[in-house]
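Asker: For reference, the sequence and a predicted model appear below.
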Amino acid sequence: MADSSIYEDLTLVRKRAKAVFIAVEVLFIAAALFYWKIQILDHRKYWSLSEANRTREIVLPAPRGVLTDRDGSRVLADNRASFKVSYIRENVRDEPAVRRRIAELLELDLAVLEERIDKYKSFPAFRPIVVKDELTLEEVARVEARRLDIPELIIETEPRRHYPYGPLAAHVLGSMQEVSPEELRTAFKDRRPGDMIGRTGVETAYQSRLTGIDGTLVEIVDSQGRRREDLQRIEPRPSPKLVLTIDFDLQVVAEELLAGREGAVVALDPKSGEILVMASSPTYDPNRFINRFTPAEWQELVANPNFPLVNRATQGLYAPGSVFKPVMALAALDAGIVSSETSFFCAGAAMFYDRPFRCWFEGGHGVLDLPQAIKNSCNIYFYNLGYRMSVDTIARYAGLLGLGAKTGVEIPGEKEGLIPTAAWKKETLKAPWYPGETISVAIGQGPIQVTPLQIAVMTAAIANRGGLIRPHFVAAEDRIPSSERRTAVPARFFETVIEGMWLSTNDGGTSQAARIEGLDVCGKTGSVQTIGRETVERLRPGGKAVKTHSWFTGFAPRNDPRIVVTVLVEYGGGGGAISAPIAGRIFGDFFKKKNDRQSPRSGN
């Protein structure tokens, strides 16, 4: 019998071999599945990646929507062809050397160039970075001539924003600036480095409405990133034009009248709320913002002591002075404190709370009823109203007429202003409200602040006999919706106030400089002290001029009003001498233009 020990037991070997074969088989199947996935399931993805190695997509910016005046005949903001040069970091070998060559070629300071490039260093290297725009033809030729030497630079054409009339209506139209890297990651993910977006005015309020649909150009490039030919081109689609409510001719006149002064003019349609004029002086040229600022240039602009970037019509806060008196009159009438026939005696001064308060007319106005008090802007009459009312009551009626709150106009940056209350003072100043302070508020002085646009909206409410409007710059079908409402104050009380405003303009009152022959203009002037009365008394003996802010607000005609005009001139002096004539010119030009359009054309 053979010895069984001579046979080796291969069972373990077979098991291990089988395990190895299975493992190899699994790996082979996994590899096959992996390559099948790449070749079959993901072929489009990898095809696109391979195509990207030889193609480059260039965005063709869409022209921004054109802005026109209300007639559509004057273009206030359009676009013009422009060249820009962009830098692509993707194929750069020696970046410091390339940057030096580019700075020399484009005649840019190296630090400025590096700041513009490094701002977007966290973005993909294949995305173009605009390093210089508004290129001259000589600069374009210079870059194109070195295309093979510096393939990192590409010339692009773009529609560049242009404001044909420069500073005209700049605070309305607004300005544009380059989108920041932070905004590209958040609010403007659809934009690209170097794109311009609206920053102020209508440009930002209607940013999405004014932005067209960009096109694309796909071009074939070589391994060095040099363009060889175009593969596909989709043309951009511009945004349709946007018609504003601005009256071009009146805007020109308002800005001419404000030239050399600091102030604002607002004119609007009291029925629709359409803003016909919004002028703020001093102003600026929005074309300056289209080109990229250096830090020094930007600092020079924002540090200007005259604050040209501030829209005084919506952002300037001023005490209203005597243009607040119609609010006091309506509050007293509706609260039953006085009637239209209630009279007070003005001797030029009066005592309230053991303190003398003076009228602007030192000789006194004598006995006045309410319309006469508005006509002559008698301080003593309105001191008496303030003596009989609480500051909270005054604040409530001021709020009903739109003061102390944003008007809702589309352009951003509007200030709310302030109508003081007892609770406001206790919370803010940690002190109680004293009745004597109400006396000053009664004539629009003290801690009360409004914007010229708010005063225009208040005046429209008076002209409408209580109807409130929301001011706006764009026709109803395009603008942000608003709701109209009315105050609860009876129309007959508005008629009493309007009677006083009519007398002020047409019967020798303080607003007579705004009078237009044959036109029932209703107006109210105001002069606001910018320093305390004690300081005024101290300066007068030395012959030093003490100028006040000058106000006028009014509407025309008295019945069926068509226009409201509000004027504010900083440190202008008396409202009747400075602001009323400006308003009178605007009233006159508005109705002359209106009548000229309605008149039949004469034959040849």
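Answerer: Received the coordinates, thanks.
Asker: Could you name the helices and strands sitting against the longest helix seen in the chain?
Answerer: Secondary structure assigned by DSSP state H gives helix 11-36 as the longest helix of the chain. Counting contacts by 3 or more C-beta pairs under 8 Å, 6 or more residues apart in numbering; DSSP states H and E, helix 11-36 packs against no other helix or strand. To be clear about C-beta, it is placed using only N, CA and C from the backbone, and glycine gets the same treatment.
Asker: and after the strand or helix carrying residue 330, which helix or strand comes next?
Answerer: Assessed by DSSP states H and E, residue 330 sits inside helix 325-334. Per DSSP H and E, the first helix or strand lying C-terminal to helix 325-334 is strand 344-346.
Asker: Go ahead and name everything in contact with that next one.
Answerer: Here strand 344-346 makes contact (C-beta atoms under 8 Å, 6 or more residues apart in numbering) with 359, 361, 364-368, 373, 378-381, 384.
Asker: Output these as JSON lines; include the columns pLDDT and neighbour count.
Answerer: Converted to JSON lines, these look like this (pLDDT from 0 to 100; neighbours: other C-beta atoms under 10 Å):
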{"residue": "359", "pLDDT": "95", "neighbour count": "22"}
{"residue": "361", "pLDDT": "93", "neighbour count": "15"}
{"residue": "364", "pLDDT": "95", "neighbour count": "17"}
{"residue": "365", "pLDDT": "95", "neighbour count": "22"}
{"residue": "366", "pLDDT": "96", "neighbour count": "13"}
{"residue": "367", "pLDDT": "97", "neighbour count": "11"}
{"residue": "368", "pLDDT": "96", "neighbour count": "21"}
{"residue": "373", "pLDDT": "97", "neighbour count": "26"}
{"residue": "378", "pLDDT": "97", "neighbour count": "26"}
{"residue": "379", "pLDDT": "97", "neighbour count": "26"}
{"residue": "380", "pLDDT": "97", "neighbour count": "24"}
{"residue": "381", "pLDDT": "97", "neighbour count": "31"}
{"residue": "384", "pLDDT": "97", "neighbour count": "24"}
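Asker: In contact with residue 133, which residues?
Answerer: The contact partners of residue 133, taken as C-beta under 8 Å, 6+ apart, are 82, 83, 84, 85, 158, 160, 194, 291, 292.
Asker: how does it look with 10 Å?
Answerer: 82-86, 156, 158, 160, 178, 194, 196, 290-292 (C-beta atoms under 10 Å, 6 or more residues apart in numbering).
Asker: same question, residue 454
Answerer: 266, 313-314, 317-318, 320, 398, 401-407, 414-417, 419, 471, 566.
Asker: for this structure, which spans come out with low pLDDT?
Answerer: 1-10, 43-54, 56, 91, 221-227, 292-295, 476-484, 530-546, 598-604 (pLDDT under 70).
Asker: returning to what we had before: please narrow the contacts of residue 454 to those residing in helices.
Answerer: 313, 314, 398.
Asker: Which residue lies nearest the spatial centre of the protein?
Answerer: residue 201 (2.8 Å; C-alpha atoms, centre = their mean).
Asker: Nearest residue to that one in space, please, no chain neighbours.
Answerer: What sits nearest to residue 201 in space, not counting adjacent residues and going by C-beta to C-beta, 6 or more residues apart in numbering, is residue 174, at 2.1 Å.
Asker: got it, and residue 501?
Answerer: residue 522 (3.8 Å).
Asker: Please identify, among the ones in helices among the contacts of residue 454, the one with the most neighbours.
Answerer: residue 313 (29 neighbours; other C-beta atoms under 10 Å).
Asker: residue contacts, it?
Answerer: Residue 313 touches 171-172, 263-266, 275, 277-280, 409, 411, 414, 451-456, 471, 566, 568, counting by C-beta under 10 Å, 6+ apart.
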